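> Compute the structure for the input listed below.
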Amino acid sequence: MPPLVVDASLIFRLLLPTAAQRILRERVDAWVQSGGALVAPTLWRYEMVSALVKSAHFGALTGDEARRGMELVVTFPVELIAPDTRLSEAAYGWGRRLQRANAYDAFYLALAEALGCELWTADRRLARAAQQPWIEYIGDSK
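Now for the predicted structure:
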């Protein structure tokens with residue numbers, strides 16, 4: 001079974017009480033219980049912590065909710081993969097193709113492409129822009 005690339009937007013949604021939360025939790029839990037590995041570029045951790053700090057700062061999460069979110073970040077069963085030269089070059093290519101000013105999303109795309117596996121995201125904009133059959137948008141039904 002190939003691994004599954006998960007981006008920070010997807011895992012952050014596990015913390016938020018949205019319509020997608022239950023479905024998302026069931027899908028991720030089923031993947032892990034079936035023996036599937038979850039992977040992400042190392043920037044996943046930076047993005048998760050940043051999202052928690054921002055959400056607590058602006059009141060989207062209470063301090064206690066953000067602290068519980070930090071527990072998820074450090075215990076979540078995701079293998080973090082550091083970018084090598086090949087992955088960095090592929091991310092650069094994705095960033096240019098998508099005409100982005102940064103390469104954060106491009107690293108998730110490059111990793112999934114390099115591993116020949118799916119990328120699950122809750123970032124509708126990313127899924128629409130990349131238009132790849134191996135990208136699955138899992139988010140609110142809007």
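
> Name the next helix or strand following the lengthiest helix in the chain along the chain.
The residue-count maximum for a helix in the chain (DSSP state H) belongs to helix 43-57. Moving toward the C-terminus from helix 43-57, the next helix or strand (DSSP states H and E) is helix 63-75.

> how about the helices of this structure, start to end?
8-13, 21-33, 43-57, 63-75, 85-97, 104-115, 124-130.

> Same list as before, these that is, but in TSV and with distance to residue 136 and mean pLDDT included.
In this view, the C-beta of every residue, glycine as well, is placed from N, C-alpha and C. Converted to TSV, those look like this (distance: least, C-beta to C-beta, whole Å; pLDDT from 0 to 100):
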stretch	distance to residue 136	mean pLDDT
helix 8-13	9	92
helix 21-33	9	88
helix 43-57	17	96
helix 63-75	21	92
helix 85-97	17	97
helix 104-115	10	97
helix 124-130	8	95
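
> Is it possible to get a markdown table of those that adds distance to residue 138 and mean neighbour count?
Shown next, in a markdown table, are the helices of the chain (distance: least, C-beta to C-beta, whole Å; neighbours: other C-beta atoms under 10 Å):
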| stretch | distance to residue 138 | mean neighbour count |
| --- | --- | --- |
| helix 8-13 | 6 | 23 |
| helix 21-33 | 6 | 14 |
| helix 43-57 | 16 | 18 |
| helix 63-75 | 17 | 13 |
| helix 85-97 | 20 | 15 |
| helix 104-115 | 14 | 23 |
| helix 124-130 | 9 | 16 |
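
> between those, which gets nearest to residue 2?
With C-beta to C-beta as the measure, helix 104-115 is the member of the helices of the chain nearest residue 2 (6.5 Å).

> what helices or strands is the longest helix of the chain leaning on?
Applying 3 or more C-beta pairs under 8 Å, 6 or more residues apart in numbering; DSSP states H and E, one finds that helix 43-57 contacts helix 8-13, helix 63-75, strand 78-81, helix 104-115.

> For the helices of the chain, could you give me a markdown table that also reports distance to residue 2?
Below are those laid out as a markdown table (distance: least, C-beta to C-beta, whole Å):
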| stretch | distance to residue 2 |
| --- | --- |
| helix 8-13 | 17 |
| helix 21-33 | 11 |
| helix 43-57 | 18 |
| helix 63-75 | 23 |
| helix 85-97 | 16 |
| helix 104-115 | 6 |
| helix 124-130 | 18 |
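
> Before I go, just wanted to say thanks for your time.
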